[in-house]
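# got a sequence here, can you model it:
(one chain, ligands or ions: 3)
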Amino acid sequence: MTALDASATAAAPAPREQEQLLPRVDLRGRTHDEELVASVLPRAALDVSAAVELVRPIVEDVRARGAAAVREATARIDGIDAGTTRVPAEALAAALADLDPAVRAALEESIRRARLVHEAQRRPDEVVEVAPGGTVTERWVPVRRVGLYVPGGLCPLPSSVVMNVVPAQVAGVRSLAVVSPPQREHGGLPHPVVLAACALLGVEEVHAVGGAQAVAMLAYGTEQCRKVDMVTGPGNVYVAAAKRLVRGAVGIDSEAGPTEIGILADETADPVFVAADLLSQAEHDPNASCLLVSPSEELLDAVAAEVERQFALTKHVDRVGPALRSQSAAVLVDDIDAGLALVDEWAAEHLEVITRDAAAVAARVTNAGAVFVGPWSPVSLGDYLAGSNHVLPTGGTAKFNPGLSVQTFLRGIHVVDYSRDALAAVAHHIDALGGAEDLVAHVAAVRVRVPAEEAGA
Ligand SMILES: NC(=O)c1ccc[n+]([C@@H]2O[C@H](COP(=O)([O-])OP(=O)(O)OC[C@H]3O[C@@H](n4cnc5c(N)ncnc54)[C@H](O)[C@@H]3O)[C@@H](O)[C@H]2O)c1
Ligand SMILES: N[C@H](CO)Cc1c[nH]c[nH+]1
Ligand SMILES: [Zn+2]
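Numbers count the residues shown, from 1 in each chain. Ligands and ions are numbered 1, 2, ... in the order given. Okay, here's the model as predicted:
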């Protein structure tokens, strides 16, 4: 019995038909708590936790044996055996020289808009004078060396070069290494548009390696790639699992795994737009997830018909079909408030709000990687050209993780600078707190500087 069958037995929703695209779930009259959402709205069967055990041997092998293990994993999984992962400088230059001018213009505009948004995220150092002679400065310092993952298994994503590299550069990261899966039809190098995007942004270090072996190579270093301090970027469930495994050895950004779209819509939404947006994100991965939530039965009916119609015309049916059948749903709710509670609990990577007063409804959303307001802000705009970042948390981690930003690459270091008088003014408090914790050496470290017998100390 599936989780959906079980929930149907326990209460209202009808059993899902596995063959149906975007199966319907009726949640009218139900409270949208965590348990209900987990049981009724599935995420992919192969989740990050399950994939961790699958990629652990790859990550451990790379840690132990370095470049030889990377090479063997790449040969076994990607079917490419190359002596080195490093992409030659000439290949980067050639990819840029050969880049289609229309794609170059689009990348340049995408970079320009992303820079505008990400430069606004830069934080100035804050100096706080806590007491006369006593300051604490928060100094924002970039991570020194980062590894940026650019997907390329099912389709190459040059737009993810922009989304990784722009915030890292704006943050002031000095050393960047981009990794992206080797492509058999391109001589074992990453896709030429990925290489061209790197060249356009001035990235010089690119490695032709993908999956868990790429993440492990960055995290532990090999003879061919110097260890990084942080790994960021989106990827499939194996990439997300590997990032979870290396966390601690390096920093990571959020778990930006298989794509998700949630749409909260009412009867004012155009079913053609809604269906197109669901398909647009389902085409990333058979493990992608799509959730439509509405109080309008008429809209759900119209979208169901549109999904069938557009599915018959779409290219990547091998990905869209499983995504829409296995971990997607169209959910009928009582009203927009109930819909908001549901999408907040699901915590989508992307959430579109296509309702009357969409901006006001969107302002009430608390859990989502990014929110898209009204009919003219589809997720595809954010994927490429809005200026927002498309590397976003998935699997419900939007409840506690933000998308990739300039802050991802910065650490706030507190710099404490007190004068003797400022220290003396609080020494009696340190006596009290150090005494309460029975940490006498802490108290002594202050009292050797400002003895208790001094007046005012
Ligand atoms: N959340 C986000 O911000 C975001 C953004 C863009 C893309 N994405 C997601 O990125 C993913 C891209 O996936 P992709 O597969 O096209 O490319 P990918 O580069 O993420 O993964 C490809 C690599 O996975 C490895 N791999 C494949 N099958 C494996 C297996 N069975 N065991 C171990 N390793 C295996 C291979 O080494 C391959 O090189 C999609 O899921 C997409 O939805 C997410
Ligand atoms: N929708 C993806 C994030 O989940 C990002 C992307 C890149 N290219 C197209 N789409
Ligand atoms: Zn997309």
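
# what's the distance between residue 247 and ligand 1?
Separation of residue 247 from ligand 1 (CB to the nearest ligand atom, to the nearest Å): 17 Å. Placement of C-beta: from N, CA and C, glycine included.

# bridging residues for that residue?
In this entry, residue 247 is beta-bridged to residue 250, by DSSP bridges.

# burial of it, as a residue count?
Residue crowding around residue 247 was assessed by other CB atoms under 10 Å; the count is 13.

# need the pLDDT of it.
We have a pLDDT of 97 for residue 247.

# strands along the protein, start to end?
Using DSSP state E, the strands of the chain run over residues 24-26, 126-131, 134-142, 145-149, 175-180, 205-208, 230-232, 251-252, 260-265, 289-294, 329-332, 350-354, 370-373, 410-418.

# need the contact list for the residue lying closest to residue 379 once chain neighbours are set aside.
In space, and not counting its chain neighbours, residue 379 is closest to residue 350: 4.6 Å by CB to CB, 6 or more residues apart in numbering. Residue 350 is in contact with 259, 260, 261, 262, 281, 368, 369, 370, 372, 379, 382, 392, counting by CB atoms under 8 Å, 6 or more residues apart in numbering.

# now residue 55
211, 212, 238, 241, 242, 245.

# cool, and residue 62?
Here residue 62 is in contact with 69, 70, 73, 213, 216, 217, 220, 222 (CB under 8 Å, 6+ apart).

# ok, and the most crowded of the contacts of residue 350?
Of the contacts of residue 350, with other CB under 10 Å as the count, residue 260 tops at 34 neighbours.

# stretch 84-101 close to ligand 1?
No: applying CB under 6 Å from any ligand atom, one finds stretch 84-101 separated from ligand 1 by no less than 12.1 Å.

# what parts of the stretch 201-350 of the chain come near ligand 2?
Residues of the stretch 201-350 of the chain lying near ligand 2 by CB under 6 Å from any ligand atom: 259, 281, 284, 349.

# between these, which sits nearest residue 308?
residue 281 (17.5 Å; CB to CB).

# can you name the residue of the stretch 301-450 of the chain nearest to ligand 2?
residue 383 (3.5 Å; CB to the nearest ligand atom).

# run through the contacts of residue 350 and flag the ones next to ligand 1.
Restricting the contacts of residue 350 to those near ligand 1 by CB under 6 Å from any ligand atom leaves 259, 392.

# including distance to residue 431 and pLDDT, could the contacts of residue 350 go into JSON lines?
Below are those laid out as JSON lines (distance: CB to CB, whole Å; pLDDT from 0 to 100):
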{"residue": "259", "distance to residue 431": "56", "pLDDT": "97"}
{"residue": "260", "distance to residue 431": "54", "pLDDT": "96"}
{"residue": "261", "distance to residue 431": "58", "pLDDT": "98"}
{"residue": "262", "distance to residue 431": "55", "pLDDT": "98"}
{"residue": "281", "distance to residue 431": "60", "pLDDT": "98"}
{"residue": "368", "distance to residue 431": "49", "pLDDT": "98"}
{"residue": "369", "distance to residue 431": "48", "pLDDT": "98"}
{"residue": "370", "distance to residue 431": "50", "pLDDT": "98"}
{"residue": "372", "distance to residue 431": "56", "pLDDT": "99"}
{"residue": "379", "distance to residue 431": "58", "pLDDT": "98"}
{"residue": "382", "distance to residue 431": "55", "pLDDT": "98"}
{"residue": "392", "distance to residue 431": "49", "pLDDT": "98"}
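
# ok, of the contacts of residue 350, which one's closest to residue 226?
residue 392 (28.4 Å).

# that closest one touches residue 398, doesn't it?
Yes: using CB atoms under 8 Å, residue 392 makes contact with residue 398 at a distance of 7.3 Å.

# tell me which parts of the stretch 201-350 of the chain are close to ligand 1?
So far as CB under 6 Å from any ligand atom goes, the stretch 201-350 of the chain lies against ligand 1 at 210-212, 234-236, 238-239, 256-259, 284-285, 288, 349.
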